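**Q** Quick one, fold the following:
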Amino acid sequence: MTETVDTIALLKELEPVVESNLNRHLATAKEWFPHEYVPWSQGTDFDGVLGGQAWEPGQSKLSDVARTSLIVNLLTEDNLPSYHHEIATLYGRDGAWGTWVHRWTAEEGRHGTAIRDYLLTTRAVDPVALERARMTHMEGGFTADHPDLLGSLSYVSFQELATRVSHRNTGRVSGDPICDQLLAKVAADENLHMLFYRNLLSAAFELAPNAAMDAVRRVVKDFQMPGHTIENFGRKSVQIAVAGIYDLRIHHDEVVQPVLRQLRVMERDNLGPDGEQAREDLAEFVAGLDKAATRFEEKREASRARAAARAA
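**A** Next comes the predicted model:
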């Protein structure tokens, strides 16, 4: 892109938008308490220092794929210190930007607490394996694929929505009404975060339309979930996709397209040649994503049909 963006100037120009959306968020967000969504009465001591009962797979009431998805979601939330470092370094710690960064971090912090308490209390996971996975994942840290301001705002606009969908669908397939209620609360937080970032990105389109378009193009084409560095993430994500918790069709229909529509990406008439080129490239990629999603659905249905035939 030939258009350059002065990050400091753009941060200052967006500050009033941050403030107004922060006020909207604080007025809209509902206070909730993780401990209310954990069935503590089901809990018992584990083996070890307290001499309780050792964990074994039969104690879990969750299906394998629900457990896998919950662990992926939890490990993703666990990396919050790295996420906070990334956005605090980029957005700053002063003014409305700083207030938002700390508020966002505080709200995100309860997600990992709630999910871990639920999983351990219900003995849904091996506590030793879970802790080792947390250590391994967090030791790897997190580095943003798009460290520039517009790239960051674009990424979180899509990522927060993707995370919301993943949490919500995980709750629905869990088979446990308590888990479903808990993840619905987490998903509600993620949705408000998405709205905040998407509104900022929309304002950025008015200030630097060509650069914003290129940022959206880059993010959509290179999108990865924040937990992609989790050990064996590829295998786990295939399980999650096959189960219909988060797959290419969901990503296209429920994440990419809604954000693009709300940003009026395909309707904007204030773009220069570079912006138009970025939009054309984006449109071509999204069309290919749609086709790939259809192919995945067809293969999954064929596989399910074969499995049903064998079972019969």
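
**Q** ok, longest helix in the protein?
**A** Counting by DSSP state H, the longest helix found in the chain is helix 273-311.

**Q** Which strands and helices lie in contact with that one?
**A** Counting contacts by 3 or more C-beta pairs under 8 Å, 6 or more residues apart in numbering; DSSP states H and E, helix 273-311 packs against helix 209-222, helix 233-242, helix 248-250. Where C-beta positions appear, they are placed from N, C-alpha and C, glycine not excepted.

**Q** just checking, Leu22 touches Trp97?
**A** No: the criterion here is C-beta atoms under 8 Å, and Leu22 misses it with Trp97 at 9.0 Å.

**Q** Ala307 and Val242, how far apart?
**A** As defined by C-beta to C-beta, to the nearest Å, Ala307 lies at a distance of 11 Å from Val242.

**Q** who touches the residue nearest to Arg268 when sequence neighbours are not counted in this structure?
**A** Closest residue to Arg268 apart from its sequence neighbours, by C-beta to C-beta, 6 or more residues apart in numbering: Pro209 at 6.4 Å. Neighbouring residues of Pro209 by C-beta atoms under 8 Å, 6 or more residues apart in numbering: 268, 270-272, 275.

**Q** of these, closest to Arg164?
**A** Relative to Arg164, the closest of the contacts of Pro209 is Arg268; by C-beta to C-beta it sits at 25.4 Å.

**Q** circling back: between Ala307 and Val242, tell me which one has more neighbours.
**A** Val242 (15 against 10; other C-beta atoms under 10 Å).

**Q** how close does the more buried one sit to Leu271?
**A** Distance from Val242 to Leu271, by C-beta to C-beta: 39 Å.

**Q** In three-state terms, label the residue most central in space within the chain for me.
**A** In the chain, the C-alpha nearest the mean C-alpha coordinate belongs to Thr163, at 2.6 Å (C-alpha atoms, centre = their mean). Counting by DSSP: H, G, I helix; E, B strand; the rest coil, the backbone at Thr163 sits in helix.

**Q** Now do the SS call for the residue lying closest to it once chain neighbours are set aside.
**A** Distances taken as C-beta to C-beta, 6+ apart place Glu190 nearest to Thr163, at 4.9 Å, with adjacent residues excluded. Secondary structure, three-state DSSP: Glu190 is helix.

**Q** how close does the residue nearest to Arg268 sit to Phe223?
**A** Distance from Pro209 to Phe223, by C-beta to C-beta: 21 Å.

**Q** Same question for Arg198.
**A** The value you get for Arg198 to Phe223, if C-beta to C-beta is used, is 15 Å.

**Q** got it, and Val186?
**A** Taken as C-beta to C-beta, the span from Val186 to Phe223 is 21 Å.

**Q** For the residue nearest to Val17 when sequence neighbours are not counted, report the pLDDT, please.
**A** Closest residue to Val17 in three dimensions, ignoring its sequence neighbours and counting by C-beta to C-beta, 6+ apart: Ala203, at 4.4 Å. Looking at Ala203, its pLDDT reads 98.

**Q** so where does Ala203 fall, helix or strand?
**A** Ala203 is part of helix 177-207, with elements assigned from DSSP states H and E.

**Q** now that helix against helix 273-311, angle please.
**A** Helix 177-207 runs at 160 degrees relative to helix 273-311, counting by axes from the mean of the first three to the mean of the last three C-alpha atoms, to 10 degrees.

**Q** Run the chain-centre distance for helix 177-207.
**A** 9 Å (C-alpha atoms, centre = their mean, to the nearest Å).

**Q** next one: stretch 143-163
**A** So, by C-alpha atoms, centre = their mean, the centroid of stretch 143-163 is 10 Å from its chain's centroid.
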